[in-house]
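Trainee: What follows is a predicted structure for the sequence shown.
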Amino acid sequence: MRNESVKTMTMCAIMAALMCILGPMSIPIGAVPISFTNLVIYLTVYLLGAKKGCISYLIYMLLGVVGLPVFSGYTGGIAKLAGPTGGYLVGFILLALISGIVLEKTNRNIVWSFVGMVAGTAIAYLFGTVWFVIQAQCTVSYAFSVCVMPFIPFDLLKMVIAIALGKVVFIALRRSSLLPA
């Protein structure tokens, strides 16, 4: 039992560290940059499921809130969370939870994994866009055009990458006894 607990903590820490490494890397295309954070979240929930995926993301988020430059564009601090794009950071919690639940319930079926990631992302988009509208005092249509539409193709690609990579890594981790059977 203790060994499983250590493995769980280690896997959560490794995935949080991966978020800290890839999360700051972003492609600026407008008001909201293309971030690699959600790619790592997709991969994390594929490997660890909803609960451990959320824990990994919350560790990453806490590190960013206390000031480590782990958010997109190598930023950090509470101001990033309270700013116009902070809703996406909060929405990623729901992304991890929803995607992870679907992945667990469907035994990581490829089609359902994709559906779960799309559903989780849609909720994160909704949460982040509403937050952006309030913070930026703009219309919903403007926020949708700058905060959602440009990102859909990239996020779909990230989902495909996470599922393909996740499938291979998941099998390898199971074989090495780093994930429970």
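Mentor: Perfect, thanks for sending it. Numbers count the residues shown, from 1 in each chain.
Trainee: next structured bit after the biggest helix by length in the chain?
Mentor: When the chain is parsed with DSSP state H, its longest helix is helix 37-65. Sequence-wise, the next helix or strand downstream of helix 37-65 (DSSP states H and E) is helix 78-82.
Trainee: name the helices or strands packed onto whatever helix or strand comes next after that following helix?
Mentor: Using DSSP H and E, the helix or strand that follows helix 78-82 in sequence is helix 86-105. Packing partners of helix 86-105 (3 or more Cβ pairs under 8 Å, 6 or more residues apart in numbering; DSSP states H and E): helix 37-65, helix 78-82, helix 110-136. Where you see a C-beta, it was placed from the backbone N, CA and C, and this is true even at glycine.
Trainee: Quick one: residues contacting residue 4.
Mentor: Applying Cβ atoms under 8 Å, 6 or more residues apart in numbering to residue 4 gives the contacts residue 180.
Trainee: just to revisit the earlier point, so for the longest helix of the chain, mean pLDDT?
Mentor: Here helix 37-65 scores 98 as its mean pLDDT.
Trainee: Specify the angle between that helix and helix 86-105 in degrees.
Mentor: Between helix 37-65 and helix 86-105, the angle comes out at 120 degrees (axes from the mean of the first three to the mean of the last three Cα atoms, to 10 degrees).
Trainee: Helix 37-65: which residues count as buried?
Mentor: Across helix 37-65, burial judged by 16 or more other Cβ atoms under 10 Å covers 37-57, 59-61, 63-65.
Trainee: Look up how far residue 33 lies from residue 75.
Mentor: In this view, residue 75 and residue 33 are 10 Å apart by Cβ to Cβ, to the nearest Å.
Trainee: Provide the strand pairings for the helix or strand of the chain with the lowest mean pLDDT, with the direction of each partner.
Mentor: None of the helices or strands of the chain scores lower by mean pLDDT, DSSP states H and E than strand 26-27, at a mean of 83. Taking DSSP bridges as the criterion, strand 26-27 forms sheet pairs with strand 34-35 (antiparallel).
Trainee: which residues sit against the strand it pairs with?
Mentor: Contacts for strand 34-35 (Cβ under 8 Å, 6+ apart): 23, 25-28, 72, 150-151, 154.
Trainee: same for the longest helix of the chain, what does it pack against?
Mentor: Checking 3+ Cβ pairs under 8 Å, 6+ apart, helix 37-65 ends up next to helix 2-22, helix 78-82, helix 86-105, helix 110-136, helix 152-175.
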